[in-house]
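Asks: task: produce atomic coordinates for the following.
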Amino acid sequence: MCYVECMYEKHDGTKMAHGRILQKGSQTVLGNATNERELFLTNDCLEFKLGGIKELVTVNVQVMPWGHKYRKENSEANRIEKAKAGERKKKGLPVEYIFFPKAYTGQRKVVSSPSLMTNLALELVLVAPVKRDK
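Replies: Residues are numbered from 1 along each chain as shown. This next block holds a predicted model:
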């Protein structure tokens, strides 16, 4: 999946998009310790033709307060969110991914930067490019 940062047109008229890769939590060092629907923004970029878009997906941006005093309300919010996701799955509806304002920087750590990432996440547009055999 890709967060589209910009779209442009080449000199030959080809419509293109440039964006940063979003990885599922299971694809990071966190492995299966994350929510199966949680996404992480990476520094890896991708350029592709707009005609190569496979599908648009829904991403809910979630900003949760941090600290022990918020544990109870965060736990309740997680429980409600998981119940909604379970209902969607039972009904055969498409997955709605979740994105907390943070970035995945590689093999060793996940970096949170709520003030920087929140503004970026609010403008999130996702596409899944089609991989073509050469």
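
Asks: show me where this structure has its helices.
Replies: Along the chain, counting by DSSP state H, helices occupy 71-90, 114-121.

Asks: top strand in the chain by residue count?
Replies: Longest strand in the chain, counting residues (DSSP state E): strand 38-49.

Asks: so what strands line up beside that one?
Replies: Strand 38-49 has the following sheet partners, assigned by DSSP bridges: strand 15-24 (antiparallel), strand 96-104 (parallel).

Asks: ok, residue 18 - how many residues close by?
Replies: 14 (other C-beta atoms under 10 Å). Placement of C-beta: from N, CA and C, glycine included.

Asks: beta partners for it?
Replies: Going by DSSP bridges, residue 18 forms beta bridges with residue 6, residue 47.

Asks: and it, how close does it get to residue 86?
Replies: 36 Å (C-beta to C-beta, to the nearest Å).

Asks: again, but for residue 31
Replies: Counting by C-beta to C-beta, the gap from residue 31 to residue 86 is 22 Å.
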